[in-house]
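Participant: What follows is a predicted structure for the sequence shown.
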Amino acid sequence: MALNRKIAYIDLTTGEFKTAPIPIEMRELYLGGRGLDMYLLYNHIEPGVDPLGPDNVLTVSAGLLGATLASASTRTHIGAKSPLTGFIGSSNMGGYFAPELRWAGFDHLVIKGKAESPSYLWIHNGEIEIRDASDVWGENVFDTQELIRQELGDPEVKVLCIGIAGENMVRYANVMTGMKDAAGRSGMGAVMGSKNLKAIAVRGTMDLEIRFPEQALEYNQSLIEHISSTKFAKIMQKWGTMFIYGVTNTTGLVRVRNFQLNQQVGGNIECEHIEKYALGTEGCYGCIIHCRHKYQIREGPHAGIYGQGPEYTSQGAFGMEVGCNEFETVLVANHLVNKYGLDTLETGSMIAWAMELYEKGILTDEDTGNLKLEWGNDEVVLEMIKLIAERKGLGDILAEGPLRAAKKIGKDSIKYLIHVKGMSNLHSDERPTPSLALGIATGSRGSDHLRSRPAIDLYHLPQELLRKIYGGPKPYDGPLSSDYTSYEGKPRMVLWQEMMYEAIDSVGVCKFHSIFLSPNLIAFEELSKLIYYNTGLEFTPEEIWDIADRAYTIERLFNIREGLTREHDWLVDRYFDEPTPVGLPIVRNKSIDREKFKQMIDEYYEMHGWDENGVPRPETLEKLGLDAEPSHKL
Amino acid sequence: MTTGTSDKKRKRIGQVRCQNCFERFSPQKGVDRTSCPECGWEWYISWSGELAKIRKPVWDSWEEHIAETRKKTK
Amino acid sequence: MEMILVVDHEKCTGCRACEMVCSVKHTGVNNPTRSRINVIKWPMEGFDLPMLCQQCEEAPCIAVCPKDALSQDLVLGRVTLNYDLCIGCKMCVTACPFGGMGIDTVVQRVIKCDLCDGDPTCVRFCDPGALQYVPASTVNLMKKRDAGWKFSELMKKSSLISSNE
């Protein structure tokens, strides 16, 4: 059945590997994907190891529902200790890799050590081989995949690889598969680079059994009919995540010019511009939303570029943040970061930060190698992307990530950083929205919108609907507010989303099918059915919540073991001291209130069963069965 | 083919939601610029088939609207 | 009324849901190599094309089958495979110009699209509408309509231009 997939432990130093079945008990505790990865990281990584040293452990996994009849059951999760934050590193991506990994017989890969020379892993139908990658070392993301497919002689091989940014250990290098599927956040590409691991290639033709095929088909059909009838799906299918820009920019919830403005007036980067370049849309495995555009630039200096995307994140990183008003810059920059294997968000934020430093005179022409780091200077932005990937000039400093770069540049540079735990924020402005601010401040992998963001808080949903969503599956009768500028009841929303995202990442289904950007999509109830029909495992919605809670708490334990304190769950001063200057009246002149924010964090810790320092209480650990961790069962 | 859309949802298809006052309204089919009947803010509209979407604000009248709203709230 | 399964590659997003449901429907497991339909992808060019048995009128597979296991089913407009007669010689696999005949390596026999006896599962799950099951007599009307729509749009534009001049 769908559960007979194995875990493989691979030691790159010795070239040895062993495989083991994943016991049902572990599935019942962590499901799979991100959840089980978190257990593995907590058990296999010694405290205090160098993230870029051979002792760091890299996990690659497919979710419990990977390649089953759950729409978009396609996410690949990658974990390690993050070279960017020093805390938990975790990132997932779409595409076709995870299903292929399952057909090859594996759900989890635990990769240790460091290969002597550039290598790649070749995994096929239960077999693992470490192969020489010196031919593809130095190649970009797109060519690497094609070259490996050619070498192995099978066009259906799926390749997950790093680009030159990963090879150069840029601390926010990503891991990629396909044209644009990227596990971007927390620097997983740098970890692969530090292990001399250029790529992982998989091909499998093994059966993946569906427990109740008839019911699973029927349920899946009713589910996709429901999903595709929502307006959210229709908009995503047409515009992709770029549609978000229209709402957030109009309202004034975006970050422009590092943190100087919260609205881009006169920008020409709204999603409608894609029509000029689009060749159609592309879907991930089994997904009906197909949110990514295929685009081609047909004329001008960048003619001939073919790429996929861009996402809202790229619009922000290379549009608003750096003050570029032209859509084509976003397309070219998106193509470049994918080619080099850089995290689009972190790259854009670092360049924007450098631009503000240049404006303030902290960086001079001498530091930048005569690059005019001025707002909206498109060419310089594109040049900087290359310099960061190649670690040349100023790029070498920026490649170190926010905190390390600020230390190197010195002066007042740290004051202008927009980060949490050493990871840059999404280009959204959370000053008017306490719920979103709480989410980024407490996210386990650093500042992050995909850990706990209650994005539907922005929709002014009626109380009854909020109650219906956030009132279960674990009972909650505290306050809930439709007003996104309020501090009331927001910790519950953040907690609920945290559990939702942990669960959906653990089963390996895309968040766009869950309650993230639309209140009408799947949640715990539907997950419970999907898991039952596809795998035969029975979980009530409450039990899924508990599993998510367990996995999230183990992430917390990992972070605490690496030195996390309450101070890390906090925003930079600019959130409190600089009110928003522009936008709709409802978001103007807003900043986060320190006292109220502190209370929110207290409330949030309390809901988790953590003490006032954010450390899980002994009884919480006991309740979740974590009191004996690390237990080394896998 | 595979999708059945309920009447309630179908009604929403040609609608947009004013991003200033959150009022739902149906712009006239095919127009590329309209104003919200409730609060009067002006928007560019884009279409894909029957689906309408607010493209962006009419920035020229932006500050004017803000000033008016301020007056009203004061 | 004879129906045919048509592929519109322009609508295909390459998501392979058709492979998934085909495999599950016929075998109870998800294994794309046992699916009767396969999406051929060129991931770096972004081109996707679903390929399956075309249910030929003058089918090479029927012609080469030494045991008459393959035959025309005029009611459903398909080429049917009778496993009671099939000896597994795989001549049909060699003869098919599209790869419409495949080999299921688990049960060791040839496989082909059977249109799910008149209700193709892949069509039900193809949300973008790249796969459609339509009456054979009107299949070209759909294409005419699509082409005609583009033409009419062009005419509207050109008449606008001339009236403005």
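Facilitator: Good, I have the coordinates.

Participant: Going by C-alpha atoms from here, please, whenever you check contacts or count neighbours.
Facilitator: Noted.

Participant: How far does stretch A:44-55 sit from its chain's centre?
Facilitator: For stretch A:44-55, the separation from the chain centroid amounts to 21 Å (computed by CA atoms, centre = their mean, to the nearest Å).

Participant: And for stretch A:408-416?
Facilitator: Its chain's average C-alpha position is 27 Å from that of stretch A:408-416, according to CA atoms, centre = their mean.

Participant: Would the helix ranked longest in chain B count as contacting chain A?
Facilitator: Longest helix in chain B by number of residues, with DSSP state H as the criterion: helix B:62-73. Yes. Helix B:62-73 comes into contact with chain A (CA under 8 Å from any CA of the partner chain), by way of B:Ile66, B:Thr69, B:Arg70.

Participant: What's the separation between the spatially most central residue of chain C and chain A?
Facilitator: Closest to where the C-alpha atoms of chain C average out (CA atoms, centre = their mean) is C:Leu52, at 4.4 Å. According to CA to the nearest CA, to the nearest Å, C:Leu52 stands 17 Å off from chain A.

Participant: ok, that residue - contacts?
Facilitator: When contacts are counted by CA atoms under 8 Å, 6 or more residues apart in numbering or on different chains, C:Leu52 is found next to C:Arg36, C:Ile37, C:Asn38, C:Phe98, C:Gly99, C:Gly100, C:Lys112, C:Cys113.

Participant: Please name the bridge partners of the residue positioned nearest the centre of chain A.
Facilitator: For chain A, A:Ser91 is the residue whose C-alpha lies nearest the centre (CA atoms, centre = their mean; 4.5 Å). A:Ser91 has these beta-bridge partners by DSSP bridges: A:Ile78.

Participant: Could you check the pLDDT of B:Asp60?
Facilitator: Listed pLDDT for B:Asp60 reads 81.

Participant: What does the closest residue to chain B within chain C show for phi and psi?
Facilitator: Per CA to the nearest CA, C:Arg124 is where chain C lies closest to chain B, at 5.7 Å. For C:Arg124, the backbone dihedrals (degrees, to the nearest 10) come out as phi -60, psi -30.

Participant: What parts of the stretch 451-600 of chain A come near chain B?
Facilitator: A:His460, A:Leu584, A:Pro585.

Participant: The first one against A:Ser486, yeah?
Facilitator: No. A:His460 is not in contact with A:Ser486 according to CA atoms under 8 Å; the separation is 11.4 Å.

Participant: Count the neighbours of residue 43 for me.
Facilitator: Because you didn't say which chain, this covers chain A. 17 (other CA atoms under 10 Å in any protein chain shown).

Participant: You answered for a different chain; I wanted chain B.
Facilitator: Neighbours around B:Trp43, by other CA under 10 Å: 23.

Participant: Just the buried residues from the residues of helix B:62-73 next to chain A, in ChimeraX please.
Facilitator: Here is the ChimeraX command that picks out the buried ones among the residues of helix B:62-73 next to chain A, judged by 16 or more other CA atoms under 10 Å in any protein chain shown:
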select /B:66
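
Participant: Export the residues of helix B:62-73 next to chain A as a markdown table, with columns for pLDDT and distance to A:Pro618.
Facilitator: What follows is the residues of helix B:62-73 next to chain A, written out as a markdown table (pLDDT from 0 to 100; distance: CA to CA, whole Å):
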| residue | pLDDT | distance to A:Pro618 |
| --- | --- | --- |
| B:Ile66 | 78 | 53 |
| B:Thr69 | 74 | 53 |
| B:Arg70 | 73 | 52 |
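
Participant: now, among the residues of helix B:62-73 next to chain A, which is nearest to chain A?
Facilitator: Closest approach to chain A among those (CA to the nearest CA): B:Ile66, at 6.7 Å.

Participant: wait, what's in contact with the nearest residue to the closest one once chain neighbours are set aside?
Facilitator: In space, and not counting its chain neighbours, B:Ile66 is closest to A:Pro585: 6.7 Å by CA to CA, 6 or more residues apart in numbering or on different chains. With contacts defined as CA under 8 Å, 6+ apart, the neighbours of A:Pro585 are B:Ile66, B:Thr69, B:Arg70.

Participant: State the distance from A:Gly193 to A:Ser119.
Facilitator: 10 Å (CA to CA, to the nearest Å).

Participant: Oops, could you answer that again for A:Pro519 instead?
Facilitator: From A:Pro519 to A:Ser119 the distance is 45 Å (CA to CA).

Participant: For these two, work out which one has more neighbours and name it.
Facilitator: Neighbour tally, A:Pro519 and A:Ser119, criterion other CA under 10 Å: the higher count belongs to A:Ser119, 23 against 19.

Participant: May I have the longest helix of chain B as CSV, with CA atoms only?
Facilitator: Extracted in CSV, the C-alpha atoms of helix B:62-73 (Å, rounded to 0.1, in the frame of the first residue of the first chain):
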residue,chain,number,x,y,z
TRP,B,62,-6.1,58.5,-5.6
GLU,B,63,-5.0,61.3,-3.3
GLU,B,64,-8.3,63.1,-4.0
HIS,B,65,-10.2,60.1,-2.7
ILE,B,66,-8.0,59.9,0.3
ALA,B,67,-8.6,63.6,1.2
GLU,B,68,-12.3,63.2,0.7
THR,B,69,-12.4,60.1,2.9
ARG,B,70,-10.5,62.0,5.6
LYS,B,71,-13.0,64.8,5.5
LYS,B,72,-15.9,62.4,5.9
THR,B,73,-14.3,60.6,8.8
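
Participant: Buried residues, it. List them.
Facilitator: B:Trp62, B:His65, B:Ile66.

Participant: cool, stretch C:5-15 as well?
Facilitator: Quick answer for stretch C:5-15 (16+ other CA under 10 Å): C:Leu5, C:Val6, C:Val7, C:His9, C:Lys11, C:Cys12, C:Thr13, C:Gly14, C:Cys15.

Participant: For the second one, I want the exact helix or strand it lies within.
Facilitator: It refers to C:Val6. Element membership of C:Val6, judged by DSSP states H and E, is strand C:3-7.

Participant: and that strand, which strands flank it?
Facilitator: Here strand C:3-7 is paired, per DSSP bridges, with strand C:131-135 (antiparallel).

Participant: Helix or strand next in line after the partner strand, which one?
Facilitator: Using DSSP H and E, the helix or strand that follows strand C:131-135 towards the C-terminus is helix C:139-164.

Participant: I am finished for the moment; much appreciated.
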